[in-house]
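Novice: My questions concern the predicted model and sequence given below.
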Amino acid sequence: MSESLIEESILSRPKYGQLAIAPGLAHYFVADASGAECVIRVAQTAPKGFMEKVHILYVPTPGENALITALYALGAKRFEHVPTIDAAIARLGDWLSESKMGSQLYLAGTEGLIGRAVAKGEECGLDHTAVQCEHRGSLARRVQCVHCKTMIEKVTTQPVKCPSCDLLLLVRDHYSRRLAAFQGVCINAEDPTEEVEIREVFK
């Protein structure tokens, strides 16, 4: 999987590191296909008995089975794969609602997954010091249209057209941790007839 190429110049963006085992009574891992190898790497270096305290949530690429098999083979106490990030975040909320103090949360993959899982962890009362994040894969952005509040997933172009209000949005570099999204503002508000070239820039 590709390593993180996150731009350091975006000060509002969270800083990402590399997952490493931390002391804890339970260990919750959430990953998509880009981050699966991070989970496998941690498990392969784990001490004896660690996997008995591990819970893994995985969002595979449609039709992909090899990584599902590899993650299942790690022998975690609980392993589930779900079809979408929405489903993973909802399930994570269920798991964390029953977790005890001293739990650790490990997130690996694309920024859309990581940002939303961090927000869910905070919502469930998990301390920020108990959360680790490792970015892998696409630089596609999750964008909120500031005009109609629609969330647009996996944005790779600049600008991008809002699927709800049809405005052409400039994707700003400001990242909202609360929303786990970048902000999109109308790029041709003064002259809606102005033609703007759309280029793929977030790969």
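Specialist: Everything's here; your move. Remember, predicted model here, so these are calculated numbers, not experimental data. Residues are numbered from 1 along each chain as shown.
Novice: Please count neighbours and contacts with C-alpha atoms only from this point.
Specialist: Noted.
Novice: tally of neighbours for the closest residue to residue 33 other than its chain neighbours?
Specialist: Nearest residue to residue 33, sequence neighbours excluded (CA to CA, 6 or more residues apart in numbering): residue 60, at 5.1 Å. By the criterion of other CA atoms under 10 Å, residue 60 has 22 neighbours.
Novice: How much space separates residue 60 from residue 164?
Specialist: 27 Å (CA to CA, to the nearest Å).
Novice: got it, and residue 116?
Specialist: From residue 116 over to residue 164 the distance is 21 Å, taken as CA to CA.
Novice: Ok, residue 78 next?
Specialist: Distance of residue 78 to residue 164, given as CA to CA: 38 Å.
Novice: ok, now residue 156?
Specialist: Here the criterion is CA to CA. By it, residue 156 lies 18 Å from residue 164.
Novice: Name the residue in these two with the higher neighbour count.
Specialist: Neighbours were counted for residue 156 and for residue 164 using other CA under 10 Å; residue 156 has more, 18 against 13.
Novice: That one reaches residue 143, doesn't it?
Specialist: No: counting by CA atoms under 8 Å, residue 156 does not reach residue 143; the two are 10.2 Å apart.
Novice: Wasn't residue 169 part of a strand?
Specialist: Yes: Residue 169: assigned to a strand according to DSSP: H, G, I helix; E, B strand; the rest coil.
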